[in-house]
Structure formats: structure tokens, C-alpha cells
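Trainee: Just a sequence and a predicted model for now, questions to come.
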Amino acid sequence: MMSHLVIASALADQLAEALEPIAAQFRSLSLPEPITHWGHPAMMGIVIFAMGSAAVWAGWKGRLASPSEGKATLLNNHKRIALWMTTFMAMGYTGGLLSLIIQQQPVLESPHFWTGTLVLGLLGANGAISLSKFGGGKPQLRTVHAYLGSAAFGVMILHAIFGLNLGLSI
């Protein structure tokens, strides 16, 4: 029976092989090294810190607001920001993998990869709760959604720290 490490290594090799033609095209553009190295972190930092904090703020403010305090507007803003943030996070996840392959670095090995995977899982679960209309309006699912979203933002911060460490190490 193959160990988990052997399976992960084989998956990493297959992923790198599949993305290598795209990475080679980017390499052929001769982009300046700072763009290749720090482009992904700069763009994703904006997504995490600007959009993530705005989504969390609007969500909690809307959750705690009364209708006269603009609750509906805040929750609508939260929904829009969170949807776009999740879209950009998914695109950034792919871009981060591609960035590593462009730089000919190993994939699937760093804590940054695993926190990114966890973030997408948490955002996906939270989106599913929202799309279910909170199970038909169940207050418990609204509470789970609020805390799960906050946890996802916390993991995003950890992800950014791991990403900075990864960027400084390569």
C-alpha cells in the first residue's frame, strides 16, 4: 500500500507536469523576476485584506444591525463582496500553483498550499450554506455561517503569513 507522502508526491508531479506548458509560456515572456516572484502575493494580499475585511465587516455589521440601520444594504454588500472575493481566491489559488511552477518550485509541500486549500473549502462550505438560504432561514445556520466566515478570514491571515514566509524563502 502506498503511503500518503508517495501519493501526494505523485499528485504534485502530475499537477506540475500538467501546468508546465502554461508555465513555459509565461517564462517565455521574460517577465521581470519581481513580478513573477511577488505578483501573486501582491494581488492576493489585496483580495485578502481589502475584500476579506470588507466582507467580514459588512457581514457582522449587517447581522447585528436593525432594519432601520440599513441591515438589508449591509447584507447585500456582504453577499456581493464575499462572492467576488471567493471567485478571486479560487483564481488566485490556481495562479499561486502556476507561480510556483513558473519559478520551478515544488508544489503541494508548503503550509501556504494547505491553508489555501482550507480557505477554499471553508469558503465553499459557507457559500453552500448561503445558497441553501440558510436551510430555509434557520437561525442556527446563520450563526454557523457567521462564525465559519470569520474562521475563514482568520485562516486567510495565517495563509498570508505562510505565503510571505514562502516568498522570502525562494
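Mentor: Good, I have the coordinates. Numbering: from 1, shown residues only.

Trainee: Now residue 110: phi and psi?
Mentor: Main-chain torsions, residue 110, degrees, to the nearest 10: phi -90, psi 160.

Trainee: quick one: what helix or strand has the residue nearest to it when sequence neighbours are not counted in it?
Mentor: Leaving aside its sequence neighbours, residue 110 sits nearest to residue 166 (C-beta to C-beta, 6 or more residues apart in numbering; 5.2 Å). Bear in mind the C-beta positions are built from the backbone N, C-alpha and C, glycine included. In the assignment (DSSP states H and E), residue 166 maps to helix 139-169.

Trainee: Could you pull out the buried residues of that helix?
Mentor: Buried residues in helix 139-169, counted by 16 or more other C-beta atoms under 10 Å: 141, 144-146, 148-149, 152-153, 155-156, 159-160, 162-163, 166.

Trainee: can you check stretch 86-97 too?
Mentor: By 16+ other C-beta under 10 Å, the buried positions in stretch 86-97 come out as 86, 88-89, 92-93, 95-97.

Trainee: Make a markdown table from those residues and add secondary structure and pLDDT to it.
Mentor: Shown next, in a markdown table, are the buried residues of stretch 86-97 (DSSP: H, G, I helix; E, B strand; the rest coil; pLDDT from 0 to 100):
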| residue | secondary structure | pLDDT |
| --- | --- | --- |
| 86 | helix | 97 |
| 88 | helix | 97 |
| 89 | helix | 97 |
| 92 | helix | 96 |
| 93 | helix | 95 |
| 95 | helix | 93 |
| 96 | helix | 94 |
| 97 | helix | 92 |
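
Trainee: how about JSON lines for these, with distance to residue 29 added?
Mentor: As requested, the buried residues of stretch 86-97 are exported to JSON lines (distance: C-beta to C-beta, whole Å):
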{"residue": "86", "distance to residue 29": "29"}
{"residue": "88", "distance to residue 29": "22"}
{"residue": "89", "distance to residue 29": "25"}
{"residue": "92", "distance to residue 29": "19"}
{"residue": "93", "distance to residue 29": "22"}
{"residue": "95", "distance to residue 29": "15"}
{"residue": "96", "distance to residue 29": "18"}
{"residue": "97", "distance to residue 29": "18"}
